[in-house]
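S.K.: no FASTA, just this:
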């Protein structure tokens, strides 16, 4: 007996279908602005006083005086800024002539001319005043000084 083998040939047809797609494009963007810089022009100067003297207040004013501290702030033109002054209890002037409370004087109630923006030329002035505490009757004679910081940031 003769067996005929028929081999079926299978044709596979693969159909690839593409879904409709759209590509979207965007840019990554940013602006680099001038950094805020704060430069001291003058220090805050309280008057000479004797032990037991009353407290003294130096006004911030809107221009430089012989006593107020002044700073030049530079940065991005016309940009709004925020100014933070020292809080009460943080700043003390001290002398090297002694130790303890008789050799230090607290400075509190800081005030400023409080500019709210850098001008169109990229600069603005800041004037700062404060109050030094009354001096003790036993206050040590000498030259007193202490640092304080003003913080200026963009809004």
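M.R.: Arrived safely. Please read these numbers as outputs of a predicted model, since none were measured by experiment.

S.K.: which parts of stretch 134-146 are buried?
M.R.: For stretch 134-146, the neighbour count (16 or more other C-beta atoms under 10 Å) marks 135, 139, 140, 144 as buried. Placement of C-beta: from N, CA and C, glycine included.

S.K.: assign a three-state SS to the third one, would you?
M.R.: Using DSSP: H, G, I helix; E, B strand; the rest coil as the criterion, the local structure at residue 140 reads coil.

S.K.: that one is in contact with residue 95, isn't it?
M.R.: Yes: between residue 140 and residue 95 there is a contact under C-beta atoms under 8 Å: 5.8 Å.

S.K.: quick check: neighbours shared by these two?
M.R.: residue 103 (C-beta atoms under 8 Å, 6 or more residues apart in numbering).

S.K.: residues contacting the nearest residue to residue 113 once chain neighbours are set aside?
M.R.: The shortest distance from residue 113 to any non-neighbouring residue, by C-beta to C-beta, 6 or more residues apart in numbering, is to residue 127 (4.3 Å). Residues near residue 127 by C-beta under 8 Å, 6+ apart: 60, 61, 62, 63, 64, 65, 68, 69, 70, 71, 112, 113.

S.K.: residue 126 versus the second one, what's the distance?
M.R.: Put plainly, it is residue 61. Residue 61 sits 11 Å away from residue 126, going by C-beta to C-beta, to the nearest Å.
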